[in-house]
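Q: Structure for the following, please:
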Amino acid sequence: MKAFLWNIRSVKSQKAFQRVHISRLQMPLMFHNCNGKIWLFVNHGFTATLISDTNQQLSLNLCSQTLGISFLTTIVYAKCDKNLRMDLWGDILSLSNGISMPWILGGDFNAVLNGVEKIGGIPVVAADVEDFNNCVEACDVLQIQYKGSPFTWWNGRAGDDCIFERLDRVFSNSEFQGLYSHLEVEHLTRDGSDHAALLLSCENRNSKLQRPFKFLKIWTEHEDFKEVVSSGWDSTFANNPFLDYKRKIKHVKKALTIWSRQTYGDIFPQLLIKEEIAKLKEKLFEEFPSQENRAVMQKAKAEYTRYLHLEESY
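A: Numbering: from 1, shown residues only. Prediction:
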């Protein structure tokens with residue numbers, strides 16, 4: 001199953017959406033919320049029942065006739081004002097109370113969960129993210145992993161006025177995760193809107209891909225490195241030298257992986273973020289060449305290079 005979520009501000013009228021629905025999408029079911037700002041198009045093979053409709057969310061019970069499953073779907077378009085978003089958090093909490101069926105919710109939440117999800121503009125403080133985080137925790141939902149740029153929104157400006165944020169995302173509860181072995185959201189390239197479109201893929205895969213182990217050069221410079229290796233290697237096993245060697249290597253890998261995450265954090269997502277920031281800054285410099293933007297670009301590249309050194313492996 002696939003779903004496409006996009007905040008596209010340039011299409012503002014219900015008639016325009018209806019024309020797109022009839023001539024392009026050719027989907028049999030179409031719903032919109034009370035103020036006409038959230039639209040949901042449902043393909044063949046599904047039935048839909050309206051559950052909740054407010055200014056900032058639209059929720060339907062979707063039933064797949066081919067798969068024989070039902071799940072609650074909530075599409076979000078949050079207000080820019082923090083106080084007005086309180087109504088949305090209340091709506092989402094009301095939906096979560098007593099829910100026992102699979103649930104997926106996504107869209108433009110117009111808020112970040114932490115400071116890493118924003119660059120530029122006014123720095124993120126705890127008060128900015130508290131309400132959103134409390135809502136997510138109370139609803140007991142998890143973010144679906146994504147690939148692509150870590151930022152889904154850009155204000156279209158350069159220099160000190162440039163702001164990137166991750167405002168669009170998809171969550172699901174444990175019941176929905178149980179339906180599929182693989183859930184992933186792809187952040188597509190921004191085109192025609194200041195928001196990137198999200199492509200949600202829900203699949204059942206027979207095998208789980210594992211990320212290969214990498215020995216990071218930066219580990220050898222840490223004072224605790226030898227102790228971590230030694231503790232992993234000193235494990236005792238049966239008197240079979242070949243099996244013992246294999247198991248010791250496995251234990252050392254596990255010990256180093258756990259220690260690295262605790263000491264340095266997960267540098268691989270951080271590396272992707274720094275790389276994306278460097279690319280965006282470079283693009284801004286190409287569009288708006290100035291000494292100010294050159295300095296911003298060089299700073300971003302230096303930060304990316306630092307993380308690239310951390311990731312460098314033997």
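
Q: hey, which helix or strand in this protein has the poorest pLDDT?
A: When the helices and strands of the chain are compared on mean pLDDT, DSSP states H and E, helix 14-20 comes out lowest with a mean of 52.

Q: Name the residues of the helix or strand following that helix that are buried.
A: Remark: after helix 14-20, the chain's next helix or strand is strand 29-32, criterion DSSP states H and E. Neighbour-count burial for strand 29-32 flags 30, 32 (criterion: 16 or more other CB atoms under 10 Å). All C-beta spots, glycine's among them, are computed from the backbone N, C-alpha and C.

Q: tell me what strand 29-32 is packed against?
A: helix 14-20, strand 39-42, strand 46-53, strand 57-64 (3 or more CB pairs under 8 Å, 6 or more residues apart in numbering; DSSP states H and E).

Q: cutoff 6 Å now
A: strand 39-42 (3 or more CB pairs under 6 Å, 6 or more residues apart in numbering; DSSP states H and E).

Q: Does anything pack onto the strand it packs on? Which helices or strands?
A: strand 29-32.

Q: what are the pairing partners of the strand it packs on, and which direction each?
A: strand 39-42 (antiparallel) (DSSP bridges).

Q: Give me the below-cutoff pLDDT ranges for the stretch 1-150 of the chain.
A: 9-26 (pLDDT under 70).

Q: Neighbours of the closest residue in space to residue 188 that isn't next to it in sequence, how many?
A: Of all residues not flanking residue 188 in the chain, residue 197 sits nearest, at 4.5 Å (CB to CB, 6 or more residues apart in numbering). Residue 197 has 19 neighbouring residues, counting by other CB atoms under 10 Å.

Q: now swap in residue 159 and tell me
A: 14.

Q: same check, this time on residue 161
A: 10.

Q: next one: residue 241
A: So residue 241, with other CB under 10 Å, has 9 neighbours.

Q: And it, what's its pLDDT?
A: According to the prediction, residue 241 has pLDDT 72.

Q: any idea how far residue 248 is from it?
A: Separation of residue 241 from residue 248 (CB to CB, to the nearest Å): 10 Å.

Q: Surely the residue nearest to residue 188 touches residue 3?
A: No. Residue 197 is beyond contact range of residue 3, at 10.8 Å (criterion: CB atoms under 6 Å).

Q: can you give me the helices for the stretch 51-200 of the chain?
A: Ranges of helices in the stretch 51-200 of the chain, per DSSP state H, counting those that start in this stretch, are 82-96, 126-139, 174-177.

Q: Please point out which parts of the first one sit buried.
A: Applying a neighbour-count criterion of 16+ other CB under 10 Å, the buried positions in helix 82-96 are 85, 88-89, 91-92, 95-96.

Q: What of the shortest one?
A: Neighbour-count burial for helix 174-177, counted by 16+ other CB under 10 Å, picks out 176-177.

Q: Identify the residues contacting it?
A: With contacts defined as CB atoms under 6 Å, 6 or more residues apart in numbering, helix 174-177 is touched by 71, 102-104.

Q: Which helix runs longest in this structure?
A: For the chain, the helix that runs over the most residues, judged by DSSP state H, is helix 241-264.

Q: From the chain's centroid, how far away is that helix?
A: Put simply, helix 241-264 sits 30 Å off its chain's centre (CA atoms, centre = their mean, to the nearest Å).

Q: Check which helices and strands it sits against.
A: Applying 3+ CB pairs under 6 Å, 6+ apart, one finds that helix 241-264 makes contact with helix 225-233.

Q: quick one: the helix it packs on to helix 241-264, angle?
A: Calculated by axes from the mean of the first three to the mean of the last three CA atoms, to 10 degrees, helix 225-233 forms an angle of 140 degrees with helix 241-264.

Q: Double-check residue 60 against residue 46; I have them as touching.
A: No. In this structure, residue 60 is not within contact of residue 46 by CB under 6 Å, at 9.6 Å.

Q: Show me which of the two is the more surrounded one.
A: With neighbours defined as other CB under 10 Å, residue 60 and residue 46 compare such that residue 60 has more, 22 against 19.

Q: Would you mind measuring from that one to residue 41?
A: 11 Å.

Q: Show me the beta-bridge partners of residue 195.
A: Residues in beta-bridge contact with residue 195 (DSSP bridges): residue 153.
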